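Engineer: quick one: sequence plus predicted model below, questions after.
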Amino acid sequence: MHIPDNYLSPATCAVLSAAMVPVWALSVKKVKSEIDKANLPLLGIGAAFSFLVMMFNIPLPGGTTGHAVGAVLIAALLGPWAACIAVSVALFIQALLFGDGGILAFGANCFNMAFVMPFLGYFIYKFITDRFKSVKAEQFALVAAAYIALNFAALIAAIEFGLQPLIAKAADGMPLYCPYPLSVSVPAMTIPHLLVAGFVEVFFTVGVFAFIKKVSPGIISMKPEPKIKGVYGLIVGLICLSPLGLLAPGTAWGEWGADEIKNVVTGNAPLGFVPSGMENGFSLNVLFPDYAISGVPEWTGYVLSALAGASILIIVFKLLALPRKHVGERA
C-alpha cells in the first residue's frame with residue numbers, strides 16, 4: 001500500500017496532505033494530554049514494530065506482494081492518536097531513507113495507513129470490548145479490527161489509484177499518472193488483501209498483542225515507564241528475521257517503477273506505455289533504495305536497514321521524552 005511518487009496527481013497529493021495536517025496537529029495535542037511524557041518512547045517502539053512488519057513482504061494472489069502494517073496493534077495498545085503519529089513517522093523514515101512510498105505521496109500514504117486504518121480499527125476494537133468483557137471477546141475484537149481496517153485501507157488506496165485516469169489526463173486523453181481505472185485497481189488491490197494480507201495483519205496484531213500482554217502488561221495499562229526489555233527482544237528478533245521479506249517474488253500492486261510499468265500485464269496484455277507524468281515526474285535519490293546497501297549482500301543490507309530504521313524511530317521518541325532542562329544541559 002506504499003504509493004510511490006508519480007502515481008497520484010499533484011492535486012491528489014496536495015488534497016490528502018492537507019487533510020492530514022489537522023489530523024497530525026490534533027494527534028500531537030491528544031498524545032500530549034493522554035500519554036505521560038515518560039511514556040513517549042512507547043510510540044517509538046510502536047513505530048519500530050510498524051516499520052519492521054512492513055518489511056515482511058508476502059506473496060499475494062495475482063503475482064504481487066503485500067505486507068501487514070501494525071496500525072491497529074498500536075491503536076489497541078496506545079490509542080489511535082498515538083498510532084497516527086507512530087505510523088506517520090515510520091512512513092516518513094521509509095520514504096526518506098529507503099524510497100518505500102513517495103515523498104510527494106507521503107500525505108496519501110499517511111491518510112490510508114496512519115489515519116483510516118488505526119482509527120477504524122480502534123473504533124471496531126472498542127465497540128466490541130466495551131460491550132463484551134472477556135479475553136475471547138478481546139481476541140475477537142483484535143481479529144475483526146485488524147482484518148477490516150487493513151482491507152478498508154487497501155480499498156481507499158485502490159480508489160485513489162483508480163480515480164487518476166478520470167481526473168488527470170493529457171490533451172490526447174491518455175492518463176498522466178496511474179493508468180488503471182477503478183475497474184482494475186479495486187479488485188487488484190482488495191481481492192489479494194481479503195484473501196491473504198488481512199489474515200497476516202490479524203496474525204501479527206493478535207500475536208504481538210498477546211506477547212506484550214504477557215511480558216509487559218504495563219504498556220497496555222499505561223503505567224509510568226513500564227518494563228519493556230522483553231519487547232525490545234521481540235524487535236531484535238524481527239530485525240534478524242527481516243530477510244524473510246526478500247523471499248516473496250514480484251512487486252506490490254501499484255508500486256512498479258517507471259521502467260517496469262510498461263510491461264505489466266493486465267487483462268492478458270501488457271500496458272504498453274509509460275504515463276508521461278510518471279516518466280517525467282519527481283524522483284528522490286534515497287540513501288538505501290529498497291532497503292539495499294551498496295557493496296553488501298542483499299540480505300545483509302536488509303538486516304542493516306531494518307536495524308537502522310527501527311533504531312532511528314526508537315531514538316527519536318526517546319529524545320522527545322527527555323526533559324527540556326536535560327536537553328539543555330547536554331547542549
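Structural biologist: Everything's here; your move.
Engineer: so who does the most centrally placed residue in the chain touch?
Structural biologist: Nearest to the mean C-alpha position of the chain, counting by C-alpha atoms, centre = their mean, stands Val69 at 4.7 Å. With contacts taken as C-beta atoms under 8 Å, 6 or more residues apart in numbering, Val69 has the following neighbours: 1, 50, 53-54, 87, 113, 117, 150, 153, 201. C-beta: built from backbone N, CA, C; applies to glycine.
Engineer: redo that, cut-off 6 Å
Structural biologist: The neighbourhood of Val69, defined by C-beta atoms under 6 Å, 6 or more residues apart in numbering, consists of Met113.
Engineer: pLDDT score for it?
Structural biologist: Note on Val69: pLDDT of 98.
Engineer: what about it, which helix or strand?
Structural biologist: With elements delineated by DSSP states H and E, Val69 resides in a region that no helix or strand encompasses.
Engineer: equivalent analysis for the one 4 residues further on, please.
Structural biologist: Secondary structure from DSSP H and E places Leu73 in helix 71-78.
Engineer: can you list the buried residues in that helix?
Structural biologist: 71-78 (16 or more other C-beta atoms under 10 Å).
Engineer: so which elements touch the helix or strand just after it?
Structural biologist: Using DSSP H and E, the helix or strand that follows helix 71-78 in sequence is helix 80-98. Identification of packing neighbours for helix 80-98 by 3 or more C-beta pairs under 6 Å, 6 or more residues apart in numbering; DSSP states H and E yields helix 10-34, helix 41-53, helix 71-78, helix 106-110, helix 117-129.
Engineer: and the second one, what other elements does it pack with?
Structural biologist: Taking 3+ C-beta pairs under 6 Å, 6+ apart as the contact definition, the neighbouring helices and strands of helix 41-53 are helix 71-78, helix 80-98, helix 229-241, helix 298-321.
Engineer: over to the longest one?
Structural biologist: Using 3+ C-beta pairs under 6 Å, 6+ apart as the contact criterion, the neighbours of helix 10-34 among helices and strands are helix 80-98, helix 106-110.
Engineer: out of the ones you listed, flag the one nearest Glu260.
Structural biologist: Checking the helices and strands packed on helix 10-34 against Glu260 by C-beta to C-beta gives helix 80-98 as the closest, at 18.0 Å.
Engineer: got a list of contacts for the closest one?
Structural biologist: Contact with helix 80-98 is made by 27, 30-31, 43, 46-47, 50-51, 71, 74-75, 100-101, 103, 106, 109-110, 113-114, 118-119, 122, 286-288, 291, 309, 312, as judged by C-beta under 6 Å, 6+ apart.
Engineer: returning to what we had before: check the offset of the helix holding Leu73 from the chain's centre.
Structural biologist: Taking C-alpha atoms, centre = their mean, to the nearest Å, one finds helix 71-78 lying 13 Å from the centre of the chain it belongs to.
Engineer: following the chain past the one helix or strand Phe140 maps to, name the next helix or strand.
Structural biologist: Using DSSP H and E, the element containing Phe140 is helix 135-167. For helix 135-167, the following helix or strand on the C-terminal side (DSSP H and E) is helix 182-192.
Engineer: before we move on, back to that, which of the residues in the helix holding Phe140 are buried?
Structural biologist: For helix 135-167, a neighbour-count test (16+ other C-beta under 10 Å) marks 138, 140-158, 160-165 as buried.
Engineer: before we move on, what about stretch 298-307?
Structural biologist: Across stretch 298-307, burial judged by 16+ other C-beta under 10 Å covers 301-307.
Engineer: who touches that stretch?
Structural biologist: Contacting residues not belonging to stretch 298-307 are listed as 52, 55, 239, 242-243, 246, 288, 291-293 [C-beta under 6 Å, 6+ apart].
Engineer: out of those, list just those in strands.
Structural biologist: Filtering these for membership in strands, criterion DSSP state E, returns an empty set.
Engineer: now, among those, which is nearest to Met189?
Structural biologist: Using C-beta to C-beta as the measure, the one of these that approaches Met189 most closely is Met55, at 19.9 Å.
Engineer: what is the neighbour count of the spatially closest residue to that closest one that is not a sequence neighbour?
Structural biologist: The spatially closest residue to Met55, leaving aside those adjacent along the chain, is Gly245, at 4.7 Å (C-beta to C-beta, 6 or more residues apart in numbering). Per other C-beta atoms under 10 Å, the neighbour tally for Gly245 reads 20.
Engineer: residues in contact with Gly245?
Structural biologist: Taking C-beta under 6 Å, 6+ apart as the definition of contact, the neighbours of Gly245 are 55-57.
Engineer: tell me which of those is nearest to Ala252?
Structural biologist: Ala252 has its nearest neighbour among the contacts of Gly245 in Asn57, at 7.3 Å by C-beta to C-beta.
Engineer: my guess is that closest one meets Thr65, correct?
Structural biologist: Yes - assessed by C-beta atoms under 6 Å, Asn57 is found in contact with Thr65 at 4.4 Å.
Engineer: and the contacts of stretch 298-307 as JSON lines, adding distance to Pro22 and pLDDT?
Structural biologist: Supplementary listing: those in JSON lines, determined by distance: C-beta to C-beta, whole Å; pLDDT from 0 to 100:
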{"residue": "Leu52", "distance to Pro22": "29", "pLDDT": "98"}
{"residue": "Met55", "distance to Pro22": "30", "pLDDT": "97"}
{"residue": "Ile239", "distance to Pro22": "35", "pLDDT": "98"}
{"residue": "Ser242", "distance to Pro22": "34", "pLDDT": "97"}
{"residue": "Pro243", "distance to Pro22": "39", "pLDDT": "97"}
{"residue": "Leu246", "distance to Pro22": "38", "pLDDT": "95"}
{"residue": "Phe288", "distance to Pro22": "32", "pLDDT": "95"}
{"residue": "Tyr291", "distance to Pro22": "32", "pLDDT": "96"}
{"residue": "Ala292", "distance to Pro22": "36", "pLDDT": "95"}
{"residue": "Ile293", "distance to Pro22": "38", "pLDDT": "94"}
